[in-house]
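Enquirer: Sequence and predicted structure are below.
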Amino acid sequence: MRRRGQRTPDRIVAVGGGKGGVGKSVVASNLAIAMAQAGRRVVLLDADLGAANLHTLFGITRPARCLAGFLSRAQESLEEVRIHTAVPGLDLIPGAGAVPGVANPGWGRKQRLLRHIRSLDADVVVLDVGAGTSFDVVDLYNEADLRLVVMTPQLTSVQNAYAFTKAAVYRLLDRLAGERAQLGGSEVDRVEGRLRATEAADPALAARMRAALSGAGFRLVGNQTFEQKDGRVYHALSRMIFDFLSVQAPVMGWLWASRRIHDSVSGRIPHLLVAPGDPNEVTLRSIADALLREDVAALRAARAAKHPARERSGAAPETGKEALEILRAYMAQSERRPVDWTATLELEDTPVEVAVRDISSGGARIKSPVPLSRGQEAALVLDQVPGAPRLRIVVRNAREATWDYGVEFISEPVPTQDATRTAAEVDLLH
Ligand SMILES: Nc1ncnc2c1ncn2[C@@H]1O[C@H](COP(=O)(O)OP(=O)(O)O)[C@@H](O)[C@H]1O
Ligand SMILES: [Mg+2]
């Protein structure tokens, strides 16, 4: 066995996502298998200190050793609690059983765990970090080169995925700043605002923060997907994370909801070992390949850089909104089309002429000569569309300075005039 600290794994991949039951363990175990089958020496570590179950997914009932033994110092080295699985090249470090204090290991224990993870003798370490956004979970997660966020298309899961990513990003910044982290709250504000404030006060710290963010390696993985259009949700979250948290989090792919995956958990044989030729197998292997191709050296170099390239100049900080509200706006954006129309806004029987700048099936951006307020409802008549359809709208965001308003459609369009619509125009509204 190599001595501790002699070498670090080529890549550490963490699998998180906040919510329990979204499929973090299914994704972590199958990606670990795929990477082992691609010829890498992989260690899968069940770091779900509260609800460890990876060994069960591999059909192991009562592992002889587990993480609890290492945390309580019954075993000196993490290598000693490593066991072989049925998959050549894949070892498992089973999660902690019911040992008091293990779910909250404390700072010293946690640092020791992180140190041992960094010196595991493996090509790839996959960390299943478990649910929640506690510091223990987030610190472990932030130890990785590649930080996977698993989510389902359900809005609660998407919200959790956002909150989890936010917790990871803020924890990272707080630790660089040496401050007590302040997590929580469902309100969204932009990391860019914090970076700019830091830039003014402490440019060197701001540079380290930008470096850490540029090499953070966040990646999204969808799971339990029901239909193709669910993919829009994942991409919407990806864009929102980029805009608000100043990190890239591209979508690596998504898995379908599948009876076979469900059965593989009940049958305690991982999906990749029982279901050849299944579309989810193709996706899992392609995500695993992509993870192995990721330029981890470049990510590590970016994180260590003192003067990182400034990635973007985001908009001014924006506060006071709920994540879900913002996400809806992002989803509406995905098929937005720029237009240049005039339309009639019916405000309590007073019609005003407004300009429509762009439109999607979910909403529009308008310029109004009279001020509107967030949450205000009205009707919008699209005079230049044949049939002059009328829709109920609610104002979602307001940029008073430029008379610019984002409105969401809250009713289907109802034609107010007779007209034969062209296919393209009908398409535009559906
Ligand atoms: N793609 C999928 N299709 C069908 N069921 C799934 C899928 N992914 C996960 N599941 C089901 O969800 C349950 C929770 O998955 P798990 O990986 O344990 O979640 P987590 O680790 O996030 O808590 C599993 O027991 C399995 O039955
Ligand atoms: Mg799990």
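Expert: Cool, the structure landed. Ligands and ions are numbered 1, 2, ... in the order given.

Enquirer: And what about the residue of the chain found nearest ligand 2, helix, strand or coil?
Expert: When scored by CB to the ion, the chain has residue 25 as its residue closest to ligand 2, at 3.3 Å. Backbone N, C-alpha and C define where each C-beta goes, glycine included. The three-state label given to residue 25 by DSSP: H, G, I helix; E, B strand; the rest coil is helix.

Enquirer: State whether it and residue 57 are indeed in contact, as I suppose.
Expert: Yes: using CB atoms under 8 Å, residue 25 makes contact with residue 57 at a distance of 6.1 Å.

Enquirer: which residues of this structure score low on pLDDT?
Expert: Flagging of the chain using pLDDT under 70 yields the residue ranges 1-7, 97-105, 179-189, 275-276, 306-338, 386, 418-430.

Enquirer: what residues does it put near ligand 2?
Expert: By CB under 5 Å from the ion, the residues of the chain that approach ligand 2 are 24-25.

Enquirer: Report the contact partners of the residue nearest in space to the middle of the chain.
Expert: Centroid check for the chain by CA atoms, centre = their mean gives residue 149 as the closest residue, at 4.3 Å. Applying CB atoms under 8 Å, 6 or more residues apart in numbering, we find residue 149 in contact with 16-18, 161, 164-165, 218-221, 249.

Enquirer: need the residues of the stretch 201-350 of the chain near ligand 1, please.
Expert: Residues of the stretch 201-350 of the chain found near ligand 1 (CB under 6 Å from any ligand atom) are 223-224, 255, 257-258, 261-262, 265.

Enquirer: Now do the contacts for the residue lying closest to residue 301 once chain neighbours are set aside.
Expert: Once flanking residues are discounted, residue 301 sits nearest to residue 215: 7.3 Å by CB to CB, 6 or more residues apart in numbering. The contact partners of residue 215, by CB under 8 Å, 6+ apart, come to 298-305.

Enquirer: give me the number of residues near residue 76?
Expert: Counted with other CB atoms under 10 Å, the neighbours of residue 76 add up to 11.

Enquirer: my read: residue 247 touches residue 219, true?
Expert: No: look at residue 247 against residue 219 with CB under 8 Å: they stay out of range, at 10.4 Å.

Enquirer: ok, residue 281 touching residue 270?
Expert: No: using CB under 8 Å, residue 281 makes no contact with residue 270, being 10.9 Å away.

Enquirer: Among the two, which residue is more densely surrounded?
Expert: When residue 281 and residue 270 are compared for neighbours, residue 270 comes out ahead with 26 against 18, by other CB under 10 Å.

Enquirer: For the more buried one, grab phi and psi.
Expert: phi -50, psi 150 (degrees, to the nearest 10).

Enquirer: Also residue 395?
Expert: According to degrees, to the nearest 10, residue 395 has phi -80, psi 120.

Enquirer: What of the one 10 residues further on?
Expert: Taking degrees, to the nearest 10, you get phi -130, psi 140 for the backbone angles of residue 405.

Enquirer: Endpoints of stretch 9-22, how far apart?
Expert: 27 Å (CA to CA, to the nearest Å).

Enquirer: Stretch 73-85 too?
Expert: Start-to-end, stretch 73-85 (CA to CA) is 24 Å.

Enquirer: what does it contact?
Expert: 1, 4, 43-44, 58, 60, 63-70, 90-94, 113, 116-117, 120-121.

Enquirer: Which ones among those residues map onto strands?
Expert: Secondary structure assignment by DSSP state E places 43-44, 90-93 of those in strands.

Enquirer: Need the residues you listed in TSV (columns: neighbour count).
Expert: Formatted as TSV, the ones in strands among the contacts of stretch 73-85 follow (neighbours: other CB atoms under 10 Å):
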residue	neighbour count
43	25
44	33
90	25
91	22
92	26
93	28
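
Enquirer: Among those, which one lies nearest to residue 384?
Expert: Nearest to residue 384 out of the ones in strands among the contacts of stretch 73-85 is residue 44 (CB to CB; 58.3 Å).

Enquirer: which residues of the stretch 251-400 of the chain fall in helices?
Expert: When assigned using DSSP state H, counting those that start in this stretch, the helices of the stretch 251-400 of the chain occupy the ranges 259-267, 271-274, 279-293, 296-304, 323-333.

Enquirer: ok so, going back, quick check, nearest of the ones in strands among the contacts of stretch 73-85 to residue 242?
Expert: The closest of the ones in strands among the contacts of stretch 73-85 to residue 242 turns out to be residue 44 (CB to CB; 29.4 Å).

Enquirer: And for the closest one, nearest residue in space, chain neighbours not counted?
Expert: Distance criterion CB to CB, 6+ apart; nearest residue to residue 44, sequence neighbours excluded, is residue 32 at 4.1 Å.

Enquirer: and residue 301, how many neighbours?
Expert: Residue 301: 12 neighbours (other CB under 10 Å).

Enquirer: nope, residue 381 is what I meant
Expert: 20.

Enquirer: Now do the contacts for it.
Expert: Counting by CB under 8 Å, 6+ apart, residue 381 has contacts 343-346, 388-390, 416.

Enquirer: to the chain's geometric centre, what's the distance from stretch 30-38?
Expert: In terms of CA atoms, centre = their mean, to the nearest Å, the centre of stretch 30-38 is found 22 Å from the chain centre.

Enquirer: likewise stretch 136-153?
Expert: Distance, centroid of stretch 136-153 to centroid of chain: 9 Å (CA atoms, centre = their mean).

Enquirer: One more: stretch 160-170?
Expert: 8 Å.

Enquirer: and it with ligand 1, contact?
Expert: No: judged by CB under 6 Å from any ligand atom, stretch 160-170 stays clear of ligand 1, getting no closer than 10.2 Å.

Enquirer: buried stuff in that stretch?
Expert: The neighbour-count check on stretch 160-170 (16 or more other CB atoms under 10 Å) flags 160-170 as buried.

Enquirer: Go ahead and name everything in contact with stretch 293-306.
Expert: 10-11, 145-146, 204, 207-208, 211-212, 214-217, 308.

Enquirer: Name the residues of that stretch that come out as buried.
Expert: For stretch 293-306, a neighbour-count test (16+ other CB under 10 Å) marks 294, 296, 299, 302-303, 305 as buried.

Enquirer: CA-only coordinates of that stretch in CSV, if you can.
Expert: The C-alpha coordinates for stretch 293-306 follow below in CSV (Å, rounded to 0.1, in the frame of the first residue of the first chain):
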residue,chain,number,x,y,z
ARG,A,293,-12.4,13.1,-20.5
GLU,A,294,-12.9,16.2,-18.4
ASP,A,295,-9.7,18.2,-18.2
VAL,A,296,-9.2,18.0,-14.4
ALA,A,297,-5.7,19.3,-14.6
ALA,A,298,-7.1,22.5,-16.2
LEU,A,299,-9.8,22.8,-13.5
ARG,A,300,-7.2,22.4,-10.7
ALA,A,301,-5.0,25.0,-12.4
ALA,A,302,-7.9,27.4,-12.7
ARG,A,303,-8.7,27.0,-9.0
ALA,A,304,-5.1,27.7,-8.1
ALA,A,305,-4.7,30.7,-10.4
LYS,A,306,-4.1,34.0,-8.8
